[in-house]
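Visitor: Provide a 3D model corresponding to the input given below.
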Amino acid sequence: MKIAFIVNKFPVISETFILNQITGLICRGHEVHIYGYRPDDTAKYHPDVEKYDLLKSTFYAPNIPQNKLWRLLKALWLIITNFYQAPLVILRSLNFFRYHGRAASLRILYSIIPLLNTESYDIIHCQFGIQGNEGMIYREIGAIQGKLITTFRGYDISWYVKEYGANVYDQLFVKGDFFLANCEFFRQRAIKLGCNEKKIIVHGSGIDCSRFSFQTRQPLEDGKISVATTGRLIEKKGIEYGIRAVAKVLKTYPNLEYNIVGDGALKEYLQQLIIELGVAEQVKLLGWKNQQEIIQIIDNTHIFIAPSVTAKDGNQDAPVNTLKEAMAMGLPVIATRHGGIPELVQDGISGFLVSERNADAIADKLTYLIKHPELWEKMGKAGRAYVETHYDTNHLNDELVKIYQRVIMDHLQPSSVSSQPIGKR
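Guide: Numbering: from 1, shown residues only. Have a look, this model is predicted:
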């Protein structure tokens, strides 16, 4: 099959779930092209980007200038230099009456430039609903051809809907050929917004379990216990509550250390909070790390915390890959009853679930695990088994190929593809 991935930016180090699908499809003999914008930080990316030479298959749209005059002048140059390739497509991209702000801002014009020389695709896979809306327009104006599949992953079905209204996907639900959601929580939300329940199934974000070696967690002889969190330093990750919880537990267990891997807008705020709580010696913001560096940190960790919350702007998490990776490596976890996370963490079996924004509850469960290290091995094994069964990327990529084939053949019926999470049938 010939497959186009429509993304926002590529490669993005925090979006290994997209990378895993791309490399999995390539390994299965399919041709994948990637369309989007250049990432802000090109210094760090996953080693698979180079291993599979993905940048040669990535086609970037010209950057859109913030200055409106320069944007217009650059747009005129793009029209002059590309008009001969697809005059009707370019003219349709400027249809202000039909596409309103998207056309008036010239976003459609800029975005379709790398598509002007493309052939027809079997599948156009839009990663995130926002890109689904874009891909729908690209196909409608003739810039790209193929069956349109959209995956809903988190902020696109939470924050984006709250920001732009419950009708934001109305046209996409009608014109899109098929839809995936990375958890049942977001599938139900899409159905509530108007998606035909027969056109959407759960297809989880996978990890390559072979890259994450399991090891039994045991306390160190000196009594030191290491706790970790990985994720962007943004509100919905709830890292503030992890810090407050650890600060509370440190009063009883001073040998505790808490390593937080990631970067983001809340870095200064969180660093100031650490100082105010007087735990700067034990709580560290480590910044961005590549996957191998994260694995090394988790290898030396005993307990993992994922304190996600619903952000004030409505942004919510699916079952996040960093949590899957920690479980695959044998860590007992503490997470929240938030978004799709309860579909991943089995309360009392692979870890504990607590309510959102509840530092005291996190502290209580952390204290319990410290007091009962005999639970670590049992929970770690349960977590590894669950991730292997439901979120192994190799199995999920096999399922993705089957989904593509059924969409192409128009054979997607309720009886042929389950509405339950892939791997849970």
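
Visitor: And for residue 358, nearest residue in space, chain neighbours not counted?
Guide: Distance criterion C-beta to C-beta, 6 or more residues apart in numbering; nearest residue to residue 358, sequence neighbours excluded, is residue 241 at 6.9 Å. C-betas here are computed from N, CA, C, even on glycine.

Visitor: Mind exporting the C-alpha coordinates of the host helix or strand of the one you found to CSV?
Guide: Using DSSP states H and E, residue 241 falls within helix 239-250. The C-alpha coordinates for helix 239-250 follow below in CSV (Å, rounded to 0.1, in the frame of the first residue of the first chain):
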residue,chain,number,x,y,z
ILE,A,239,3.5,17.2,37.8
GLU,A,240,2.9,19.8,40.5
TYR,A,241,0.9,17.2,42.4
GLY,A,242,3.7,14.6,42.1
ILE,A,243,6.1,17.1,43.5
ARG,A,244,3.8,18.1,46.4
ALA,A,245,3.2,14.4,47.2
VAL,A,246,6.9,13.5,47.2
ALA,A,247,7.6,16.6,49.4
LYS,A,248,5.1,15.3,51.9
VAL,A,249,6.5,11.7,51.9
LEU,A,250,10.1,13.0,52.3
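
Visitor: helices and strands around that helix, which ones?
Guide: Under the contact definition 3 or more C-beta pairs under 8 Å, 6 or more residues apart in numbering; DSSP states H and E, helix 239-250 sits against strand 225-230, strand 256-261, helix 267-276, strand 283-287, strand 303-306, helix 359-371.

Visitor: Now with 6 Å, please.
Guide: strand 256-261, helix 359-371 (3 or more C-beta pairs under 6 Å, 6 or more residues apart in numbering; DSSP states H and E).

Visitor: Tell me what angle the last one forms with strand 256-261.
Guide: So that's helix 359-371. 120 degrees (axes from the mean of the first three to the mean of the last three C-alpha atoms, to 10 degrees).

Visitor: list the buried ones in helix 359-371?
Guide: By neighbour count with 16 or more other C-beta atoms under 10 Å, helix 359-371 contains the buried residues 359, 361, 362, 363, 364, 365, 366, 369, 370.

Visitor: so how far is residue 362 from the residue nearest to the second one when sequence neighbours are not counted?
Guide: The one in question is residue 361. Closest residue to residue 361 apart from its sequence neighbours, by C-beta to C-beta, 6+ apart: residue 354 at 3.8 Å. Here the criterion is C-beta to C-beta, to the nearest Å. By it, residue 354 lies 6 Å from residue 362.

Visitor: so residue 310 sits right up against residue 316, yeah?
Guide: Yes: if you go by C-beta atoms under 6 Å, residue 310 and residue 316 touch, sitting 5.3 Å apart.

Visitor: Between these two, which has more neighbouring residues?
Guide: residue 316 (23 against 19; other C-beta atoms under 10 Å).

Visitor: pLDDT at residue 15, what is it?
Guide: For residue 15, the pLDDT comes out at 87.

Visitor: likewise the one 3 residues further on?
Guide: According to the prediction, residue 18 has pLDDT 94.

Visitor: Report all helices and strands that the strand or helix carrying it contacts.
Guide: In the assignment (DSSP H and E), residue 18 maps to helix 16-27. The contact analysis (3+ C-beta pairs under 6 Å, 6+ apart) places helix 16-27 against strand 31-37.

Visitor: Buried ones in the following helix or strand past the strand it packs on, by neighbour count?
Guide: Scanning forward in sequence from strand 31-37 by DSSP H and E, the next helix or strand is helix 47-51. Going by neighbour count (16+ other C-beta under 10 Å), the buried part of helix 47-51 is 48, 49.

Visitor: gap between helix 47-51 and the chain center?
Guide: 19 Å (C-alpha atoms, centre = their mean, to the nearest Å).

Visitor: Packing partners of that helix?
Guide: Right, helix 47-51 is packed against no helix or strand by 3+ C-beta pairs under 6 Å, 6+ apart.

Visitor: could you redo the last one with a cut-off of 8 Å?
Guide: By 3+ C-beta pairs under 8 Å, 6+ apart, helix 47-51 packs against helix 16-27.

Visitor: quick one: contacts of the helix it packs on?
Guide: 1, 3, 5, 7, 10-12, 32, 34, 46, 48-49, 51-52, 54, 125, 127, 153, 182, 205-208, 291, 321, 393-394, 396-397, 400-401 (C-beta atoms under 8 Å, 6 or more residues apart in numbering).

Visitor: List of residues touching the longest helix along the chain?
Guide: Counting residues, the longest helix found in the chain (DSSP state H) is helix 374-391. Contacts with helix 374-391, where a contact means C-beta under 8 Å, 6+ apart, come from 204-207, 209, 214, 216-218, 302-303, 319, 324, 326-333, 344-346, 349-351, 369, 421, 423-424.

Visitor: One more pass at 6 Å, please.
Guide: 204, 206, 209, 214, 216-217, 324, 327-328, 330, 332, 349-351, 423 (C-beta atoms under 6 Å, 6 or more residues apart in numbering).

Visitor: I'd guessed residue 191 sits against residue 198; true?
Guide: No: at 9.9 Å, residue 191 does not count as touching residue 198 under the criterion of C-beta under 6 Å.

Visitor: Between these two, which is the more surrounded one?
Guide: Applying other C-beta under 10 Å to residue 191 and residue 198 shows that residue 191 carries more neighbours, namely 18 against 13.
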